[in-house]
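**Q** mind folding the following:
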Amino acid sequence: MKSLLQLLITTLLPLVAASVIAQPVIDKPDAQQDLQDAWDWAQDELDGSGQAWIVFGFTARLDEKLSTNFTSFHQDYIEWNRAGNGRWNGNWYYNNSVGWHNSQSLAALQAGVSSPQEDYLVPRELLFLAHFEDGILREIRLLQADATVDWRNSPIYWLGNYVADESFRHQLQLFGTIEEPRLQRTLIRSLGLHSVADRDRNLLAILNDDSRQSLQYAVLEALAMQESSLVRDTLAAFASDENAELVARRIAISGLSRYQDAETLELLTRLSDPHNPQAVREEAVESLALNADGLEVVADLIADDDNRAVLRAGLRGLSRYLAYFDVIAETAESHRDSDVRETALTLAARMDGEQAFPLLRRIFESDPSSDLREEALQALDEAPAELAVPFLLSIANGADRYESDFREEAVDSLSSFDASLVMDDLNRLAWSDSDEDVRENAVRALAELGNASVNGLLLELARNHPSSHTRREAMDELEDLLL
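**A** A predicted model of the protein is given here:
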């Protein structure tokens, strides 16, 4: 008699196989050479019910710092020209990792690219995906050709690969037939990827169309994807227009970070002045910090300005350049605003942990702010182990000299170093320290080491430690590691 499992396998396996086979890729007929004709053929093939994809590929030459992964299902993102790692709060955020970044490939460096502002153009094989449901266009996606996709077990009508000019013409024509704004915005961003002669002219026509004001942000983002004098002038006009919407100004200012001419530098410097809105100043300072000629402007601002958010933006910008370590270190040690000092000390540690070690030690030993002293201990995890570990251990062991909060923070930072350097000391603290909170932090720090020997130490603590609280902490950490 068959077991229940065997019966389930026998019953479900044909269904699983059928579901895989039910997602065919249907190639266009060889006679359909023109993209528009192939698109029309695919739409005729749709039976008006169920789901299906129409897909074609095209090639674009783009700066390597531009990532492409657009979808009309996510329309709240702002594709800032220099998208980073969560530098905005609240409404300023990124979805799908789209936008620009500041990193450079080895190939770019070998080609002589030395600044985030310099383009390093690389060919990209891209896919345009249109998802239909019951004959209605529901979603548009743009992504790289090697990306994986949840095709939803739907038929795929593959139209082939096309040159940028033909892709641009087809997508521009498609834009004229779509009324839903979220689909229009994604199409506009896709148009911006194309390096074709009439790209700027067509995007500007949409930008200047009063009936399409809701698409303004997307057009500015699309324009900034390629460099030209016309794009620069358009971005500069929006950036300097005090009557323009704030978001539009920020997109334009961010886009100007790619231009190194004296006129752009003067405009960004003017927009960083205190009489401008804070958000405009932040964006201008971030853009200036990508311009070698703008770094001294940012350094002077850090020395004289009082706006916390703007100062933080300037510090983040200067932290890309080791030559400005002293400016950031001086800010960390002596600025009048403790929140600005906290940002500066964290950035200094990330810039050069060895150079920052004396600074962090001084701040811990003498700063009047207990919060900053704790931040200095946290930042020591960026310092070399031969400097940081002995110092942190001296604090963790100093029950007669340091408050419990500092000792706990030191124990936490120790968990960032190699287990061979700290495991025995953390285990000793977990067993013998007189402070329950320090013991529990030591248990947690042991668990974070990721060493094969940790499980045995935690098990011993969970079985035999005289404190029920410490035993419970060890058991909890052991469960998290094993389950």
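**Q** which stretches in the protein count as strands?
**A** For the chain, strands defined by DSSP state E occupy the ranges 25-27, 51-63, 66-67, 69-71, 99-100, 121-133, 136-144, 156-162.
**Q** the ones you listed: lowest mean pLDDT?
**A** With a mean of 70, strand 99-100 has the lowest mean pLDDT of these.
**Q** any idea how far the closest residue to E45 other than its chain neighbours lies from I54?
**A** Nearest non-adjacent residue to E45, counting by CB to CB, 6 or more residues apart in numbering: Y157, 6.3 Å away. Bear in mind the C-beta positions are built from the backbone N, C-alpha and C, glycine included. From Y157 over to I54 the distance is 5 Å, taken as CB to CB, to the nearest Å.
**Q** what does S404 give?
**A** Distance of S404 to I54, computed by CB to CB: 64 Å.
**Q** of those two, which one has the most company?
**A** For the pair S404 and I54, the greater number of neighbours falls to I54 (24 against 15), based on other CB atoms under 10 Å.
**Q** wouldn't that one be in contact with L159 here?
**A** Yes: counting by CB atoms under 8 Å, I54 touches L159, with 6.8 Å between them.
**Q** pull up the overlap in contacts between those two.
**A** W39, A42 (CB atoms under 8 Å, 6 or more residues apart in numbering).
**Q** what sits in contact with each of Y157 and I54?
**A** Common neighbours of Y157 and I54, using CB under 8 Å, 6+ apart, are A42.
**Q** for L121, give its distance to M225.
**A** According to CB to CB, L121 and M225 sit 12 Å apart.
**Q** same check, this time on A164
**A** Distance of A164 to M225, given as CB to CB: 13 Å.
**Q** do A447 as well
**A** Going from A447 to M225 by CB to CB gives 46 Å.
**Q** which one of these two is surrounded by more residues?
**A** Between A447 and M225, counting by other CB under 10 Å, M225 is the more crowded of the two (26 against 22).
**Q** against L318, how distant is the nearest residue to the more buried one once chain neighbours are set aside?
**A** For M225, ignoring the flanking residues on the chain, the nearest one in space by CB to CB, 6+ apart is G192 at 4.2 Å. Remark: distance between G192 and L318 (CB to CB) = 30 Å.
**Q** check R312 too.
**A** Going from R312 to L318 by CB to CB gives 11 Å.
**Q** quick one: which of those two has more around it?
**A** Using other CB under 10 Å, the more surrounded residue of R312 and L318 is L318, with 25 against 21.
**Q** which neighbours do L121 and M225 share?
**A** L62.
**Q** quick one: contacts of stretch 367-382?
**A** 338, 341-342, 345-346, 348-350, 353, 356-357, 360-361, 363-364, 388, 391-392, 395, 403, 405-406, 409-410, 412-413, 416-417.
**Q** give me the buried entries from the residues you listed.
**A** Among the contacts of stretch 367-382, the ones that count as buried by 16 or more other CB atoms under 10 Å are 341-342, 345-346, 348-349, 353, 356-357, 360-361, 363-364, 388, 391-392, 395, 406, 409-410, 412-413, 416-417.
**Q** alright, I will stop here.
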